[in-house]
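Visitor: Have a look; sequence and predicted model below, questions after that.
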Amino acid sequence: MMSRSYSNLLDLASGNSPAVQGIPRSRTVPGNLSKLDENHDDDNPSSVPADRIIIVANQLPLKAERRDKGWSFTWNEDSLLLHLKDGFPMDTEVLFVGSLKADVDEDEQDDVSQILLDRFNCVPTFLPADVLEKFYDGFCKRHLWPLFHYMLPFTADQRGQFDQSLWLAYMAANKLFYQKIIEVLNPECDYVWIHDYHLMVVPMFLRNRFLRVRMGFFLHSPFPSSEIYRTLPVREEILKALLNSDIIGFHTFDYARHFLSCCSRMLGLDYHSNRGYLGLDYYGRIIGIKIMPVGIHIPRIQSVMKAENEAGRLKELERKFEGKVVLFGVDDMDIFKGINLKLLAMEQMLKQNSSLQGSAVLIQIVNPARGNGIDLKELQEEIQESCRRINEEFGQPGYKPIVLIDSPVSFSERVAYYSIADCVVVTAVRDGMNLTPYEYIVCREGVSASGPKNGMLVVSEFIGCSPSLSGAIRVNPWNIEATAEAMRDAIGMNALEKELRHAKHYWYVSTHDVSYWARSFLDDLKRTCKDHFTKKYWGVGFGFTYRVVVVNPNFRKLSINDVLSAYCQSKSRVILLDYDGTVKPQQSANKTPSEEVVSILNKLCADQNNTVFIVSGRGRVSLSKWFSSACQKLGTAAEHGFFLRWSQNEEWGVCSSSSDIGWMKIAEPIMKMYAEATDGSCIEVKETALVWQYRYADPVFGSSQAGELLDHLESVLANEPVVVKRGKHIVEVKPQGVSKGLVAEKIFKRMVENGRQADFVLCIGDDISDEDMFEIFDSESLSNLLPANTSIFPCTVEQKPSKAKYFLDDITEVITLLNCIVEASDTSHSSEPQSGVL
């Protein structure tokens, strides 16, 4: 049955969204990105009595049951999402957006939606059957789930190729969740918290609609290393979609480190730490990286324990396994849970320890698979065969070493087994968190004050909770012998040691419960978003190339008409141009200027009212080679302004007060050492500067080496008249008092000395070094050099955080602008041409 919220997959390509029937609960701001910023003066959010948090997950924390007279809905007390609200302030309103574990007919969906909103503050997302199958069982379970658990999805035995239709279904499903969010979202006031790998594209849709929406994302699964993740054909799309969040959370530092490594290797982004907080600088937005393992809801477990105790279930199990040493495991039917590895370890332990035969019992609960995963049938047969073999070999009358429970078990039944177990064994080969050990610790603590029990844990080192359980015995589950030995050591440990380890575990679990986790995440989300309504946001790009740039409030696209109008009305003009990345593409192997650029520069210099300069970081040899004969009237500044000449028929002058370059003999050997040790790096030796470049080195290793080199050079050159700076993929050493900003200031001073103050300035660059030029136009240093009515156009190339007030999208637009200026010069009256010499 087709859902009313169904969006045709073709809508994703066209960008069209179906009309959404809003639920009249809170105001939303309609319209596109530009309208949101341009038509609303949102310097401060509207006043709201309390915070509201919209929690978005694949499934709502509800149980749905169809009855004769309609539907029955109840809270799913086993869902962690339900208990997040315990960590929020009392007056916080919590709204849930997600799907139901039930098929609701199309004609019932509106009524069900209203009931769930009114009674449970839940907004259901109804996924069409065809989208649901390809989204969940297809892309989530057959691509993302294996990949995030370190399993390459394209092995020979699967004969699989990437199925584009599954990716389209994933985007379609994410778009349906997004549409439900905006039905109830107030982007000025609400916080949105999105959960897990099912919904990694939702942040892109939300940010595309609302630039200032306050949004966090938490991944509950592992995040693989870059070597694994890079095999995903849509790797960059997912990364870019996630980076629309304000904060991204992970259970462990390993998962966060892998994510940051992927961002570095695939997107060229660097992360930094500021007072203990990790952050990614993404076009001026600082995206927080949160590392916090999730906790459990302890009151829920304690209440179930009390009920089970009163019902006599605990005593029944204690009688059944009286005199036995009980090891316990509970896992989903999944290839990554390592169930058969656990059985093999149990078998090995019994073989090596005959005294345990007849007394040691492994109770293994196998929950049904959550979806149509990979190789489930083969896995089930393998587990059953191992159980049969072990029980036949070591079984005795009235004794089976393996008790396999492969039918659904209620939470209360699981709690009862926890309570009688001497040791819990978790041998997952990869798992995001796994809360089984936490639940076991609380159950062994008990609900009465008669004295805590003790309990031991044998846990895989590949699960998310392992780092927090310092008293557990950690194992590599692939090592059967070591796991068997750990199981034997755990059950044979003396009582005092067990009690001390358990006490340590219980302290951690009780102080880091689900409410602590939720409160910590919300606090960090608020801290990250505190300046949202005081900054200027600019939406750039389309689809997965879309990003939000944080810029100066006055930052805008440079208008050619405005430039030409000011140009034609002026009498003394200065045009300052960077070279690489401004008039010549950075990636071009041939760095010689094109004929078009040479022609433009010559025509600009031919106007007697113009002073035109190329201000570059390149050496004077290269600039002389390119422009000495081609553009004789052009002024050039080399090596960021250390060398300067006003036309090509003049000698080079030196702008720095220091000409001592003896420090190069100290710095160059050090740079060479790092270049030899870092594959893909090289040294550029200039007359007055040294540059170590690592653009083509491994991003992570190159960045690490750059930090080491920076510290090394700053240490040995501390008493030298130089500056050591780190830029994008470079570490540079250059003399003090040299910058492109000082070049511009020197040009303006020369003009004043010759009685010609500039009344028009066009300054274009794309590099970090060009920011020095842009910065001086906001300083007081030019107040005596430029008239108050001077038309100044500092302009960067590409939309990015910059001290410039204007931007042009690319080099093509720069060339177009310069051509228009040339045409304006041609049409205006000009006398005998004069060079840039003043």
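Guide: In hand now; what should we look at? Residues are numbered from 1 along each chain as shown.

Visitor: I figured V94 was touching D86, is that so?
Guide: No: with contact defined as CB atoms under 8 Å, V94 does not reach D86; the gap is 10.2 Å. Glycine gets a C-beta too; all of them are placed from N, C-alpha and C.

Visitor: neighbour-wise, which of these two wins?
Guide: A count of neighbours by other CB atoms under 10 Å puts V94 above the other of V94 and D86, at 18 against 14.

Visitor: now the more buried one: how far from W193?
Guide: Distance from V94 to W193, counting by CB to CB, to the nearest Å: 10 Å.

Visitor: Identify the contacts common to these two.
Guide: Jointly contacting V94 and W193 under the rule CB atoms under 8 Å, 6 or more residues apart in numbering are 53, 55, 84.

Visitor: Return the item of these having minimum pLDDT.
Guide: Lowest in pLDDT among the shared contacts of V94 and W193 is L84, which has 94.

Visitor: What strands flank the helix or strand containing D331, and is each parallel or antiparallel?
Guide: Using DSSP states H and E, D331 maps to strand 325-332. Strands flanking strand 325-332 in the sheet, each with its direction: strand 360-367 (parallel), strand 423-426 (parallel) (DSSP bridges).

Visitor: any chance of those strands in TSV, with distance to D332, mean pLDDT and mean neighbour count too?
Guide: Formatted as TSV, the strands paired with strand 325-332 follow (distance: least, CB to CB, whole Å; pLDDT from 0 to 100; neighbours: other CB atoms under 10 Å):
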stretch	distance to D332	mean pLDDT	mean neighbour count
strand 360-367	5	96	21
strand 423-426	12	97	27
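
Visitor: export those to CSV and tack on distance to H532?
Guide: What follows is the strands paired with strand 325-332, written out as CSV (distance: least, CB to CB, whole Å):
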stretch, distance to H532
strand 360-367, 42
strand 423-426, 41
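
Visitor: E481: which of these is closest?
Guide: Evaluated with CB to CB, the strands paired with strand 325-332 place strand 423-426 nearest to E481, the distance being 14.9 Å.

Visitor: follow-up on the earlier one: out of the strands paired with strand 325-332, flag the one nearest D759.
Guide: Closest among the strands paired with strand 325-332, using CB to CB: strand 423-426, at 74.8 Å.

Visitor: Check which residues of the one helix or strand G539 maps to are buried.
Guide: Assigned by DSSP H and E, G539 belongs to strand 536-540. Across strand 536-540, burial judged by 16 or more other CB atoms under 10 Å covers 537-540.

Visitor: For the stretch 451-600 of the chain, give me the ranges with low pLDDT.
Guide: 451-452 (pLDDT under 70).

Visitor: Any idea what Y271 is bridged to?
Guide: L280.

Visitor: actually R573, sorry about that
Guide: Here R573 sits in beta bridges with N610, F760, going by DSSP bridges.

Visitor: Could you identify which of the shared contacts of V94 and W193 has the most neighbours?
Guide: L84 (25 neighbours).

Visitor: Let's verify that one: helix, strand, or coil?
Guide: Three-state assignment for L84 (DSSP: H, G, I helix; E, B strand; the rest coil): helix.

Visitor: how close does it get to Y516?
Guide: Taking CB to CB, one finds L84 at 11 Å from Y516.

Visitor: and what of Q161?
Guide: Distance from Q161 to Y516, by CB to CB: 44 Å.

Visitor: between the two, which one's more packed in?
Guide: Ranked by neighbour count (other CB under 10 Å), Q161 and Y516 place Y516 first, with 16 against 9.

Visitor: if I pick the more buried one, what's in contact with it?
Guide: 87, 295.

Visitor: Go over the secondary structure and confirm it is in a helix.
Guide: Yes: assignment of Y516 by three-state DSSP places it within a helix.

Visitor: contacting residues around stretch 640-651?
Guide: If you take CB under 8 Å, 6+ apart as the criterion, stretch 640-651 is touched by 615-617, 620, 624, 627-629, 631-638, 652-656, 687-689, 734-735, 738-740, 742-743, 746, 750, 769, 835-838.

Visitor: in it, what's buried?
Guide: For stretch 640-651, the neighbour count (16+ other CB under 10 Å) marks 640-648 as buried.

Visitor: can you check stretch 342-353 too?
Guide: Residues 342-350, 353 are the ones in stretch 342-353 that count as buried (16+ other CB under 10 Å).

Visitor: Mark which of those are part of strands, please.
Guide: Taking DSSP state E, every one of the buried residues of stretch 342-353 sits outside strands.

Visitor: which among these gets closest to G98?
Guide: K342 (32.4 Å).

Visitor: what about the residue lying closest to that closest one once chain neighbours are set aside, how many neighbours?
Guide: Computed as CB to CB, 6 or more residues apart in numbering, the closest residue to K342 that is not its neighbour in sequence is T427, at 4.3 Å. Per other CB under 10 Å, the neighbour tally for T427 reads 29.

Visitor: Use 258 as the first number from now on
Guide: All set: I'll call the first residue 258, so the last point we hit is now T684.

Visitor: Kindly provide the distance from T684 to N736.
Guide: Where N736 is concerned, T684 sits at a distance of 10 Å (CB to CB).

Visitor: Equivalent analysis for L833, please.
Guide: 65 Å.

Visitor: ok, those two, which is more surrounded?
Guide: A direct count of neighbours by other CB under 10 Å for L833 and N736 places L833 higher, at 23 against 13.

Visitor: can you pull the alpha-carbon coordinates of the host helix or strand of the more buried one into CSV?
Guide: Assessed by DSSP H and E, L833 sits inside strand 830-834. C-alpha atoms of strand 830-834 as CSV (Å, rounded to 0.1, in the frame of the first residue of the first chain):
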residue,chain,number,x,y,z
ARG,A,830,43.5,52.8,-9.5
VAL,A,831,45.4,50.0,-7.9
ILE,A,832,44.8,46.4,-9.0
LEU,A,833,46.6,43.7,-6.9
LEU,A,834,46.4,40.1,-8.1
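
Visitor: packing partners for that strand?
Guide: Here strand 830-834 touches strand 867-872, helix 997-1010, strand 1017-1022, going by 3 or more CB pairs under 8 Å, 6 or more residues apart in numbering; DSSP states H and E.

Visitor: In a markdown table, list those along with mean neighbour count.
Guide: Below are the helices and strands packed on strand 830-834 laid out as a markdown table (neighbours: other CB atoms under 10 Å):
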| stretch | mean neighbour count |
| --- | --- |
| strand 867-872 | 26 |
| helix 997-1010 | 19 |
| strand 1017-1022 | 25 |
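
Visitor: With mean pLDDT and distance to K437 as extra columns, can I get those in TSV?
Guide: As requested, the helices and strands packed on strand 830-834 are exported to TSV (pLDDT from 0 to 100; distance: least, CB to CB, whole Å):
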stretch	mean pLDDT	distance to K437
strand 867-872	92	53
helix 997-1010	89	51
strand 1017-1022	94	45
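
Visitor: if we can go back for a sec, quick check: neighbours of the strand holding G796 in the sheet, parallel or antiparallel?
Guide: Applying DSSP bridges, strand 793-797 is found paired with strand 804-808 (antiparallel).

Visitor: what's the partner strand in contact with?
Guide: Residues contacting strand 804-808 (CB under 8 Å, 6+ apart): 464, 468, 497, 500-501, 539-542, 792-798, 1056-1059.

Visitor: can you rerun that using 7 Å?
Guide: 464, 468, 539-542, 792-798, 1056-1058 (CB atoms under 7 Å, 6 or more residues apart in numbering).
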